[in-house]
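Undergrad: structure, please.
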Amino acid sequence: SPQLDAQETFRLTITPQPTVDAGADDFLCEDESYTVSDATETNGISYSWSSNSGSGIFINADTLNPIYTPGSVDLSNGFFILTLTVSGDTPCTEVTDEKRVDIILNPVLEVGPDQTTCADTPFLISILNAQNYSSLQWTTSGDGTFDNPTIENPSYTPGSLDLINGNIILTLTADPLAPCTDAI
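TA: All right, here's what the predicted structure looks like:
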């Protein structure tokens, strides 16, 4: 009798590989927390977020839209990188994507101690520190004038009311780097 060919079948299940997009690079003002709002994935079964520094704190790190509060290392670096890891169904491997978030630091001003000057000479202001600002503005509680009220170290010439009052307050205001809020 003729020999029959042996035949057997099995089912091959194709598991889709996950895809992931952590979202676009972004920025954050210094005193804020960052909410991921643009991350996407397909075919994942679980998510986890991590940061390059490990110094910040996540809320809901197992979702697509966690909240991240930068830590001291992030602030010192001026940025952080968030990595989204998506695990797929077996036998697919996990996939990752990352986004960089730059931290826009608040302005820093240090004008120094109270000072005294003679009434008949312009006073050259010499501040100790000014950083992370987009613009500066000097103002006075009196009626004197600045040679340039928008620089760090202007000269102030007392006005007639200043001479009568004897004490005035000079205030330096720094506008933050865009698009964060004002600080004094």
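
Undergrad: in the protein, which spans are helices?
TA: 72-77, 160-165 (DSSP state H).

Undergrad: out of those, nearest to residue 128?
TA: Nearest to residue 128 among the helices of the chain is helix 72-77 (20.9 Å), distances taken as C-beta to C-beta. Bear in mind the C-beta positions are built from the backbone N, C-alpha and C, glycine included.

Undergrad: who touches that closest one?
TA: Applying C-beta atoms under 8 Å, 6 or more residues apart in numbering, the contact partners of helix 72-77 are 30, 51, 53, 54, 55, 56, 80, 103, 105.

Undergrad: ok, stretch 144-154 next?
TA: For stretch 144-154, the external contacting residues (C-beta under 8 Å, 6+ apart) are 122, 124-127, 130, 135-140, 155-159, 162, 168.

Undergrad: from those, which land in strands?
TA: 124, 130, 135, 136, 137, 138, 139, 140, 155, 156, 157 (DSSP state E).

Undergrad: beta partners for the residue nearest the centre of the chain?
TA: Closest residue to the average C-alpha location of the chain: residue 103 at 2.0 Å, with C-alpha atoms, centre = their mean. Bridge pairing for residue 103 (DSSP bridges) gives the partners residue 28.

Undergrad: please apply the same query to residue 133.
TA: Beta-bridge partners of residue 133, as defined by DSSP bridges: residue 176.

Undergrad: got the contact list for it?
TA: Taking C-beta under 8 Å, 6+ apart, one finds 107, 109, 174, 175, 176, 177 in contact with residue 133.

Undergrad: number of nearby residues for residue 179?
TA: For residue 179, the count of nearby residues is 9 (other C-beta atoms under 10 Å).
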